[in-house]
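Peer 1: predicted model and sequence follow; I will ask about them next.
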Amino acid sequence: MKYMAIIYGNKEMWASFPPEVAAKAIGEVDAYNRRYTESGELLGAYGLADELMAKTVRVRDGLPAVTDGPYLEAKEFVSSFWILDAESEERALELVAEHPFAASNAIEVWPILHESGGAV
Amino acid sequence: MADVEDLLRELAPQVLGALLRRHQALDLCEDAVQEALIAAAADWPTSGLPGNPRAWLITVATRRLIDEVRSESSRRQREDRLVFGSPPAELSRLPGDEHDPDRDDTLTLLLLCCHPALTSPSQIALTLKAVGGLTTAEIASAFFVPESTMAQRVSRAKQRIREAGATFSMPPPDEIDGRLRAVLQVLYLIFNEGYTTSSGAQINRTDLTREAIRLTRQLHRARPGDGEVQGLLALMLLTEARRAGRVDAFGELVSLADQDRALWDRDLIAEGVALVTSALARGPVGAYQLQAAIAAVHSEAASADETDWAEVLALYELLDRVAPNPMATVNRALAAAMVHGPDAGLDLLASLDGDSRVARHHRLFAMRGHLLEMDGSPAAARAAFEEAARRTASAPEKRYLLRRAHACQADS
């Protein structure tokens, strides 16, 4: 089963880390990513740029309209996400709990829809 | 070309077994076999099959292995002689000679790939690679993961096997049975992975179904007296027989009751029925045999209405005693409803409400919806189907359950 783990945040939160803390955190996340890429359970991990860089696209009457910023007027945005392929939900949750940011953030875990049907 | 490919896949575990009997390093042997298979796939279609394809592969793979071991040995100051003690004559031995270890090799290899030290995704990956002869790219594409991920999974699996000190040898007799259950579980998972996805876009997954059946056939040849191996093979064949009826023209799921039974494969059904019948007659009975027997009853009914539901119910009751499992109870509820009326089925489902393994599982809600619909309560049925749709991560299943919910709405 594949799962998407999501961390929300905003620039105030990330700016609140002193540089040495941030460097340590990055090192820990790199080690986590390396460990579970090697085990074949982490399919990909991504950090997103600042919300200032985000654009929203809508096509109306056949014409694309691009606006600056995210679609929702939220205080917190998706700041990073990663995709896991775990043996069970239990294992996915265990992997997420081991993430270095789990101790300071809430991490959402969403099952990803798959194309396997039931045993009809 | 397809013939060459089939032949190579058939020979792959035999060649690997032959190498492993001389050298225990699974990773080195497996790489060597893979290279020999690639060489054969390039060579044979143009220059024709060698007289003894198996010996050809073993010779080529052994040469690669020797090269590989030499380069390792030079680092470790080891001598090839210690590693390769077998007389070369043995390499060209024909299969079917007085003592033919190939069938045992396949079994030993399956047991090694499904070693208890491995997680289930690793067991699956290694089995498809080492016994099935699939490439890492093929396995990765079948499981929708990047090739690098699958490569890591395979290499980690080999490393774990090494760390666990497992070797290419038959486990003691008292352990074989337990280890064999793990192999059956892995083969069944591979089968289901392929079977449950049959929409056109994922056509590569049907290969997994074919592969699982092929490996289970090999295992059945190696253990002809094992009723559960035979039962699993029967279950796979009887399930596979329904493939064409399982989805409609748009690739959407069709329930067993609504399937066009003219589309079912009669040859597979005949073979599956014969296998399960003889396994049950021989005993002892097991969970795969009983599930196959249930599938056989469905397969032999001309329509859903003509199904011998009393027989299905009796088999489910037996299954519950042999291998208690709440998901089987969910399925039993349908048989109970068909024999004794929807209330009997709903009562059975209510008995699972306290069971954390299934109480919130979408199948329980889906079955409840179906039985409520039978019972003439469309509003409650609709709510149950909608709840079920929210609780599945399977996209086709979700669409199917929402259609069922919608149909209730139309009636109410």
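Peer 2: Arrived safely.
Peer 1: report the beta-bridge partners for the nearest residue to B:Ala393 once chain neighbours are set aside.
Peer 2: Closest residue to B:Ala393 apart from its sequence neighbours, by C-beta to C-beta, 6 or more residues apart in numbering or on different chains: A:Pro111 at 4.1 Å. In short, each C-beta sits where N, CA and C put it, glycine included. Beta bridges link A:Pro111 to A:Tyr3, judged by DSSP bridges.
Peer 1: correct me, but A:Pro111 touches B:Ala395?
Peer 2: No - under the contact definition of C-beta atoms under 8 Å, A:Pro111 does not touch B:Ala395, with a separation of 11.3 Å.
Peer 1: follow-up on the earlier one: enumerate every residue touching the residue nearest to B:Ala393.
Peer 2: For A:Pro111, the contact set (C-beta atoms under 8 Å, 6 or more residues apart in numbering or on different chains) comprises A:Met1, A:Lys2, A:Tyr3, A:Glu89, B:Ala393.
Peer 1: just give the nearest non-adjacent residue to the second one, would you?
Peer 2: So the one you mean is A:Lys2. Nearest to A:Lys2 is A:Ile112, by C-beta to C-beta, 6+ apart, at 4.3 Å.
Peer 1: ok, the one you found touching B:Ala393?
Peer 2: Yes - A:Ile112 is within contact range of B:Ala393, at 7.0 Å (criterion: C-beta under 8 Å).
Peer 1: which residues do the two both contact?
Peer 2: A:Met1.
Peer 1: what about the two, which has more around it?
Peer 2: B:Ala393 (17 against 14; other C-beta atoms under 10 Å in any protein chain shown).
Peer 1: from B:Ala405, how far out is the more buried one?
Peer 2: 18 Å (C-beta to C-beta, to the nearest Å).
Peer 1: excluding sequence neighbours, find me the nearest residue to A:Trp14.
Peer 2: Per C-beta to C-beta, 6+ apart, closest to A:Trp14 is A:Ser79, 7.3 Å.
Peer 1: would you agree that neighbour falls within a strand?
Peer 2: Yes - counting by DSSP: H, G, I helix; E, B strand; the rest coil, A:Ser79 falls inside a strand.
Peer 1: tally of neighbours for it?
Peer 2: Based on other C-beta under 10 Å, the number of other residues close to A:Ser79 is 20.
Peer 1: quick check: bridge partners of the spatially most central residue of chain A?
Peer 2: With distances taken as C-alpha atoms, centre = their mean, A:Phe81 lies nearest the centre of chain A, 1.2 Å away. Beta bridges link A:Phe81 to A:Ile6, A:Tyr46, judged by DSSP bridges.
Peer 1: any idea how far it is from B:Val247?
Peer 2: From A:Phe81 to B:Val247 the distance is 32 Å (C-beta to C-beta).
Peer 1: give me the helices and strands touching the helix or strand encompassing B:Ile58, please.
Peer 2: Assessed by DSSP states H and E, B:Ile58 sits inside helix B:53-76. If you count contacts as 3 or more C-beta pairs under 8 Å, 6 or more residues apart in numbering or on different chains; DSSP states H and E, helix B:53-76 packs onto helix B:2-20, helix B:26-47, helix B:80-83.
Peer 1: switch the ones you listed over to JSON lines; also include mean neighbour count and mean pLDDT.
Peer 2: Formatted as JSON lines, these follow (neighbours: other C-beta atoms under 10 Å in any protein chain shown; pLDDT from 0 to 100):
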{"stretch": "helix B:2-20", "mean neighbour count": "20", "mean pLDDT": "87"}
{"stretch": "helix B:26-47", "mean neighbour count": "18", "mean pLDDT": "89"}
{"stretch": "helix B:80-83", "mean neighbour count": "11", "mean pLDDT": "43"}
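Peer 1: select, out of those helices, the one closest to chain A.
Peer 2: helix B:26-47 (15.0 Å; C-beta to the nearest C-beta).
Peer 1: spit out the contact partners of the nearest residue to B:Val4 once chain neighbours are set aside.
Peer 2: Take B:Val4 and drop its neighbours on the chain: the residue closest to it by C-beta to C-beta, 6+ apart is B:Trp44, 5.2 Å away. For B:Trp44, the contacting residues are B:Val4, B:Pro50, B:Pro53, by C-beta under 8 Å, 6+ apart.
Peer 1: roughly how far apart are B:Trp44 and B:Gly165?
Peer 2: For B:Trp44, the distance to B:Gly165 - C-beta to C-beta - is 38 Å.
Peer 1: right, is stretch B:291-307 up against chain A?
Peer 2: No - using C-beta under 8 Å from any C-beta of the partner chain, we find that stretch B:291-307 stays clear of chain A, coming within 10.2 Å at best.
Peer 1: and the contacts of that stretch?
Peer 2: With C-beta under 8 Å, 6+ apart, stretch B:291-307 has contacts from B:231-232, B:234-235, B:238-239, B:241-242, B:256-258, B:261, B:264, B:269, B:272-273, B:275-277, B:279-280, B:308, B:311-312, B:315-316, B:319, B:338.
Peer 1: let's see the distance spanning it from one end to the other.
Peer 2: 15 Å (C-alpha to C-alpha, to the nearest Å).
Peer 1: in that stretch, which residues are buried?
Peer 2: Judged by neighbour count (16 or more other C-beta atoms under 10 Å in any protein chain shown), stretch B:291-307 contains these buried residues: B:Gln291, B:Ala292, B:Ala293, B:Ile294, B:Ala295, B:Ala296, B:Val297, B:His298, B:Ser299, B:Ala301, B:Thr307.
Peer 1: can you say which helix or strand has the first one in it?
Peer 2: Taking DSSP H and E as the definition, one finds B:Gln291 inside helix B:287-300.
Peer 1: I'd like the distance from that helix to the chain centre, please.
Peer 2: 17 Å (C-alpha atoms, centre = their mean, to the nearest Å).
Peer 1: C-terminal to it, what's the next element?
Peer 2: helix B:309-322.
Peer 1: where do the strands of chain A begin and end?
Peer 2: Ranges of strands in chain A, per DSSP state E, are A:2-9, A:42-47, A:55-60, A:63-68, A:77-85, A:107-111.
Peer 1: now the angle between strand A:42-47 and the longest one, please.
Peer 2: Spelled out, that is strand A:77-85. Orientation check (axes from the mean of the first three to the mean of the last three C-alpha atoms, to 10 degrees): strand A:77-85 against strand A:42-47 gives 170 degrees.
Peer 1: can you give me the offset of strand A:77-85 from its chain's centre?
Peer 2: Using C-alpha atoms, centre = their mean, the offset of strand A:77-85 from its chain centre is 1 Å.
Peer 1: this completes my enquiry, with thanks.
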